[in-house]
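*Asks:* My questions are about this predicted structure, shown below with the sequence.
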Amino acid sequence: TFTVTVVPAGILACQSTATVNVETLLGFDIANGDTAICIGESVQINAIGGNPKYTYSWTPPTNVSNPSIINLIIISVPPGVYPYTITASFPGCPDSSQSLTITVDPVPTVVIDKDPYEVCLGDTVHLNATVTPAGTVYTYQWSPAADLDNPNIINPIFDGYASTNLTLTATSPNGCVGEDNTQINVIPVNFLDLQKDSEICPGDSVTLSVSGGVTYLWQPSYLVPDSTGLVNTVKPVPTTAFYVYGYDNKGCRDTVKATVVVHPDAVLDA
């Protein structure tokens, strides 16, 4: 505020005083700067400085909450790169402008190829997933990570002994996150049942039977009539261990053993 006083010819009684107000319209700045968001998110614009006497105009005026105010919200738009400019105008003053770029990233879509996975106890299974859109360098995290050879790749190997639920999270460079889940079912492998150890005399025979699987293989095969059958009558000469290897309907393997003890002949002395 400036005050001017005029005194004509030194006559104080005739002095006159007037005031004039000079207002400086301050410039402004957009504090956000260039911003990256995920699809579905919005950006709150925060400005520093400025003056309500300015007329503000955002270009383009689309996807903004109010193109005539400085502190507006840019509403989420489809994935892409969007430059925005705000211009402040006042009669007699040069226009002033600020610009920023909003980059909208898609949320990654994560799809694990199987749900559930089934693995036999003691075996491993190779997990695999796809993440779209392609062409982005994502970071990966499988959880829980304890039974995986590398929880930070898209296709790790699971070698656990207990069934579990796994979650794969993919994160884009700008922090957009997608995830998917799968169940790992670990199938027990103690499904075969074989008649246990037997004792016979020389020249005698014993019948052994196996159950619990869908296919079988007997060893030693030359001592059994049917090396792939359910029942075999064996007549070993020395004490012999018989093994049966079997598969169940899931493809899991199990092994059982039965030992036939052959006692020696009695020796009589009269």
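*Replies:* Okay, I see it.

*Asks:* which residues of the stretch 1-150 of the chain score low on pLDDT?
*Replies:* Within the stretch 1-150 of the chain, no stretch has pLDDT under 70.

*Asks:* Skip the chain neighbours and tell me the closest residue to H263.
*Replies:* Once flanking residues are discounted, H263 sits nearest to C201: 5.6 Å by C-beta to C-beta, 6 or more residues apart in numbering. Heads up, the C-betas are built off the backbone N, CA and C, glycines and all.

*Asks:* That neighbour: what's it in contact with?
*Replies:* Contact analysis of C201 by C-beta atoms under 8 Å, 6 or more residues apart in numbering lists 262-263, 265.

*Asks:* ok, now with 10 Å
*Replies:* If you count contacts by C-beta atoms under 10 Å, 6 or more residues apart in numbering, C201 has them with 262-266.

*Asks:* which residues of the stretch 101-250 of the chain fall in strands?
*Replies:* Using DSSP state E, counting those that start in this stretch, the strands found in the stretch 101-250 of the chain span residues 109-112, 117-120, 125-126, 129-132, 139-143, 157-158, 164-171, 177-187, 193-194, 198-200, 206-211, 215-219, 231-234, 240-247.

*Asks:* Any chance of those strands in CSV with distance to I86 and mean neighbour count as columns?
*Replies:* Below are these laid out as CSV (distance: least, C-beta to C-beta, whole Å; neighbours: other C-beta atoms under 10 Å):
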stretch, distance to I86, mean neighbour count
strand 109-112, 34, 17
strand 117-120, 53, 19
strand 125-126, 53, 14
strand 129-132, 35, 16
strand 139-143, 34, 16
strand 157-158, 53, 16
strand 164-171, 32, 18
strand 177-187, 31, 16
strand 193-194, 79, 18
strand 198-200, 93, 15
strand 206-211, 80, 16
strand 215-219, 75, 17
strand 231-234, 88, 16
strand 240-247, 71, 18
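
*Asks:* Which of those sits closest to Q44?
*Replies:* strand 177-187 (20.8 Å; C-beta to C-beta).

*Asks:* Report the angle between the closest one and strand 164-171.
*Replies:* Here strand 177-187 runs at an angle of 160 degrees relative to strand 164-171 (axes from the mean of the first three to the mean of the last three C-alpha atoms, to 10 degrees).
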